[in-house]
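Trainee: my questions are about this predicted structure, shown below with the sequence.
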There are 2 protein chains.
Amino acid sequence: MPRRSAAQVDTDRALTLRAAVDLASVVGLEGLTIGRLAEQLGMSKSGLAGRFDSKEQLQLAALDLAVDMFRAAVYEPAAVEPAGRARLLAICDRWIDYVGEPAFPGGCFLTTASVEFDARRGAVHDAVKLALSRWLRVLEAEAATAVAAGELPSDTDPAEVAFVLNALAVGTNCDYQLHHKARALDHGRRAMAAVLRQPATSIRG
Amino acid sequence: MPRRSAAQVDTDRALTLRAAVDLASVVGLEGLTIGRLAEQLGMSKSGLAGRFDSKEQLQLAALDLAVDMFRAAVYEPAAVEPAGRARLLAICDRWIDYVGEPAFPGGCFLTTASVEFDARRGAVHDAVKLALSRWLRVLEAEAATAVAAGELPSDTDPAEVAFVLNALAVGTNCDYQLHHKARALDHGRRAMAAVLRQPATSIRG
DNA sequence: CGCTATACAGCACGATCGTGCTGTTTAGGG
DNA sequence: CCCTAAACAGCACGATCGTGCTGTATAGCG
């Protein structure tokens, strides 16, 4: 077919990647197959392959989109809250919402990709690791702000708060994806709230 | 080759499954391939396939072995402790040990299988779901015993304790497999201990 | 010492994988 | 209005997948 405008190419690529993310969330990033994705999009294998240099590039692009969608669903709505405990609470709330009604049919994409590629080598592993490290650092910075403001106990380790919140989210995602019981979301929410409980006697005010 | 004694067949099968579990912990239960496993064992594809009815049976057998190994590494050493909080603490301790030095190169097999098959249908999905449900019920029963004995706050929900402990273990496993930082194990241990903290004023004595 | 059942190798099958190459079609610049 | 460049279909390639069938060698029973 023809040469098309850059905008059209971009939206085509975006729609392609959106379908790729949906598919990969169910069958995994490795099960994300050129043939299957092409069939689902109603185009030929070579046509689809032409949009990406290789399967690995497709995996990386799908991962990027999934990270963007996670940030748009979880972080950005919470970023309107003031930094610190309030923002962390908003993040956790949105996070559990995201686990309960994920944008993808197969649950949190980052978690799936992390478990799938944690024991492999290559660009995809590195990209997953980088994305999750960055997210943990965001959480840690918020926790540090909260501690500095006296919104969390002064002996709180921000890195530990970030770790525990992430672990609870990952664990909640796994449980919910396996059993689809809303109680898992309640448990996850309550456990996160307990982590972010204010100090009994406020230190600075 | 020949007809062999039942004992020999059993140990051969056990060795085969042990290799299958190792391989699957890295490449996933779906990436566990007859050809790759046969090559690793130095035998032909058809020879290996003859030991199992189908690939799905191989996956189920590998899963069974992984569950047995998890129980042997985590639950059974802790079962010598008295039921309730002491046993839960021992379980958590062993659990984190298991995450830090898993019997398989790719981390906790159950977690990997759970994430891999949570969005699929079939016997493997059902088996994973059943195994994890049973484990959660074990944790919940121990937590209920602890609450009844006054070793945990009386308003504690045993199901929530079981859920949170499992979520922390899963999250710790994911983080550790991705980054291989011992600090993750410390964080996981501390968070689990916090969940099992004794009531400030013991109710029954 | 034969006989038989079994564990396995070897091979072939269709399907699907990722990736190239070759046309063909067409939108947009000159 | 051409003409170039991009997007894609169609096809083929070797590799690998799971699964059968066939032949063969041998341990253990009678």
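Mentor: Done, it's in.
Trainee: for residue A:139, give me its contacts.
Mentor: Taking Cβ atoms under 8 Å, 6 or more residues apart in numbering or on different chains as the criterion, residue A:139 is in contact with A:88, A:91, A:161-162, A:165-166. For every residue, glycine as well, the C-beta is placed using N, CA and C.
Trainee: please report the distance of it from residue B:114.
Mentor: 24 Å (Cβ to Cβ, to the nearest Å).
Trainee: how about residue A:48: what's its closest non-neighbour residue?
Mentor: Excluding its sequence neighbours, the residue lying closest to residue A:48 (Cβ to Cβ, 6 or more residues apart in numbering or on different chains) is residue A:38, at 4.2 Å.
Trainee: show me what contacts that neighbour?
Mentor: Residues in contact with residue A:38 (Cβ under 8 Å, 6+ apart) are A:44-45, A:47-49.
Trainee: quick check: which element contains it?
Mentor: helix A:34-41 (DSSP states H and E).
Trainee: next helix or strand past that helix?
Mentor: helix A:45-49.
Trainee: quick one: the very next helix or strand once past that next one near DNA strand C?
Mentor: Sequence-wise, the next helix or strand downstream of helix A:45-49 (DSSP H and E) is helix A:55-70. Yes - using Cβ under 7 Å from any atom of the strand, helix A:55-70 reaches DNA strand C at A:55-56.
Trainee: and helix A:55-70, what's buried?
Mentor: Of the residues in helix A:55-70, A:58-63, A:65-67, A:69-70 count as buried by neighbour count, 16 or more other Cβ atoms under 10 Å in any protein chain shown.
Trainee: what separation is there between the residue in chain A positioned nearest to DNA strand C and residue A:29?
Mentor: The minimum distance from chain A to DNA strand C, using Cβ to the nearest atom of the strand, falls at residue A:35 (2.6 Å). Taking Cβ to Cβ as the measure, residue A:35 and residue A:29 are separated by 15 Å.
Trainee: among those two, which residue is more densely surrounded?
Mentor: Using other Cβ atoms under 10 Å in any protein chain shown, the more surrounded residue of residue A:35 and residue A:29 is residue A:29, with 25 against 11.
Trainee: before we move on, which element is that one in?
Mentor: According to DSSP H and E, residue A:29 maps onto helix A:6-31.
Trainee: that helix packs against which elements?
Mentor: With contacts taken as 3 or more Cβ pairs under 8 Å, 6 or more residues apart in numbering or on different chains; DSSP states H and E, helix A:6-31 sits against helix A:34-41, helix A:55-70, helix A:109-117, helix B:6-31.
Trainee: how about a cut-off of 7 Å?
Mentor: The helices and strands touching helix A:6-31, judged by 3 or more Cβ pairs under 7 Å, 6 or more residues apart in numbering or on different chains; DSSP states H and E, are helix A:34-41, helix A:55-70, helix A:109-117.
Trainee: got the angle between it and helix A:34-41?
Mentor: Interaxial angle, helix A:6-31 versus helix A:34-41 (axes from the mean of the first three to the mean of the last three Cα atoms, to 10 degrees): 130 degrees.
Trainee: from the chain's centroid, how far away is helix A:6-31?
Mentor: The chain centroid and the centroid of helix A:6-31 are separated by 16 Å, computed with Cα atoms, centre = their mean, to the nearest Å.
Trainee: before we move on, what about stretch A:95-108?
Mentor: On Cα atoms, centre = their mean, the centre of stretch A:95-108 falls 9 Å from the chain's centre.
Trainee: so, in contact with chain B or not, it?
Mentor: Yes - using Cβ under 7 Å from any Cβ of the partner chain, stretch A:95-108 reaches chain B at A:105-107.
Trainee: and what of stretch A:59-77?
Mentor: No - residues of stretch A:59-77 are not located near chain B by Cβ under 7 Å from any Cβ, the shortest gap being 13.9 Å.
Trainee: chain center to that stretch: distance?
Mentor: Per Cα atoms, centre = their mean, the centroid offset for stretch A:59-77 relative to its chain is 6 Å.
Trainee: before we move on, what about stretch A:167-177?
Mentor: 12 Å.
Trainee: what would that stretch look like as CSV? C-alpha coordinates only.
Mentor: The C-alpha coordinates for stretch A:167-177 follow below in CSV (Å, rounded to 0.1, in the frame of the first residue of the first chain):
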residue,chain,number,x,y,z
ALA,A,167,5.2,-6.3,47.1
LEU,A,168,1.6,-5.9,48.3
ALA,A,169,0.5,-4.6,44.8
VAL,A,170,2.3,-7.5,43.0
GLY,A,171,0.9,-10.0,45.5
THR,A,172,-2.6,-8.6,45.2
ASN,A,173,-2.4,-8.7,41.4
CYS,A,174,-1.3,-12.3,41.4
ASP,A,175,-4.1,-13.4,43.8
TYR,A,176,-6.8,-11.4,42.0
GLN,A,177,-5.8,-12.6,38.6
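Trainee: what is the three-state secondary structure of residue A:80?
Mentor: The three-state label given to residue A:80 by DSSP: H, G, I helix; E, B strand; the rest coil is coil.
Trainee: and it, what does it touch?
Mentor: The contact partners of residue A:80, taken as Cβ atoms under 7 Å, 6 or more residues apart in numbering or on different chains, number zero.
Trainee: again, but for residue A:75
Mentor: A:91, A:138.
Trainee: I figured the residue of chain A closest to DNA strand C hits residue A:46, correct?
Mentor: No - if you go by Cβ atoms under 7 Å, residue A:35 and residue A:46 don't touch, sitting 10.5 Å apart.
Trainee: return the helix or strand in chain A with minimum mean pLDDT.
Mentor: helix A:6-31 (a mean of 88; mean pLDDT, DSSP states H and E).
Trainee: for stretch A:104-114, buried residues please.
Mentor: Buried residues in stretch A:104-114, counted by 16+ other Cβ under 10 Å: A:104, A:106-114.
Trainee: hang on, I meant stretch A:83-103
Mentor: A:84-96, A:98-100, A:102-103.
Trainee: take those residues and keep only those in helices.
Mentor: A:85-96, A:98-100 (DSSP state H).
Trainee: farthest pair in those?
Mentor: A:85 and A:100 (22.7 Å; Cβ to Cβ).
Trainee: turn the buried residues of stretch A:104-114 into a markdown table, including distance to residue B:118 and pLDDT.
Mentor: Shown next, in a markdown table, are these (distance: Cβ to Cβ, whole Å; pLDDT from 0 to 100):
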| residue | distance to residue B:118 | pLDDT |
| --- | --- | --- |
| A:104 | 12 | 88 |
| A:106 | 7 | 88 |
| A:107 | 6 | 91 |
| A:108 | 11 | 92 |
| A:109 | 13 | 94 |
| A:110 | 14 | 94 |
| A:111 | 10 | 95 |
| A:112 | 9 | 95 |
| A:113 | 14 | 97 |
| A:114 | 14 | 97 |
